[in-house]
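Novice: model the structure of this input:
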Amino acid sequence: MTPKTQSLPSGQIQVWDIAVRLFHWGLVASVLLSYGLTDPRPVHRFLGYTVLGLIGFRLIWGFVGTKHARFVNFIPGPRRLKAYLGDMLHGREARYLGHNPAGSAMVVMLLTLLMAVGATGYMMGLDAYFGKSWVEEAHETLVNILFVLIGCHIAGVIYASWRHRENLVKSMLTGKKEIHEPAQHR
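Specialist: Take a look at the predicted model:
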């Protein structure tokens, strides 16, 4: 099932609310600082808890937030994701006001992976897991996978910005997107 295309007038439209934007940039800062500041451990731990708190907020906002923040409005099923990726490969993917299906799948993967990183980080501080090499190795492996996914996310943002002639980074700062062609109503 393909979403309906809606033609909108020229100008700008508010897409990302302030909560989504603060979450996004707060998460970016917390993850980067956490990676760069493994010592002192209390600072690293605080940043890890900050990441988990932000994710907790985002999970709640994903059910009660504004239209483009709600998971029900942007998480694709496997068929829709596969169709979108196929369209991307052929250079005919639709432009979305909110997250496109590939971006939506990336959001889910990043949030899930960040929760796993946070869980293993938390486990390292528990007596039951303190000094267990498998927990530390899992934490480090998950962080490495996270940075690969972050690289894919950034590449996707660059590609979508180029492909659809829009600045997605600016949109995540201002919350607004330019209306310059028919966009998927999502």
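Novice: alpha carbons only for contacts and neighbour counts from here, please
Specialist: Fine.
Novice: could you point out the helix or strand that follows the biggest helix by length in the chain?
Specialist: The single longest helix within the chain, with elements called by DSSP state H, is helix 133-163. Helices and strands here follow DSSP states H and E; after helix 133-163, the next one along the chain is helix 168-174.
Novice: name the helices or strands packed onto that next one?
Specialist: Using 3 or more Cα pairs under 8 Å, 6 or more residues apart in numbering; DSSP states H and E as the contact definition, the elements that helix 168-174 packs against are helix 133-163.
Novice: what mean pLDDT does the helix it packs on get?
Specialist: If you average the pLDDT over helix 133-163, you get 96.
Novice: sec struct for Arg92, please.
Specialist: Secondary structure, DSSP: H, G, I helix; E, B strand; the rest coil: Arg92 is coil.
Novice: per-residue pLDDT, it?
Specialist: pLDDT recorded at Arg92 is 92.
Novice: what helix or strand does the residue nearest the centre of the chain sit in?
Specialist: Note on the chain: the residue nearest the mean C-alpha position is Val107, at 3.4 Å, using Cα atoms, centre = their mean. Val107 is located in helix 101-124, with elements delineated by DSSP H and E.
Novice: any buried residues in the longest helix of the chain, and which?
Specialist: Of the residues in helix 133-163, those buried by neighbour count under the rule 16 or more other Cα atoms under 10 Å are 135-136, 139, 142-143, 146, 149, 153, 157, 160.
Novice: same check on stretch 74-85?
Specialist: Buried positions in stretch 74-85, judged by neighbour count with 16+ other Cα under 10 Å: 74-76, 80-81, 84-85.
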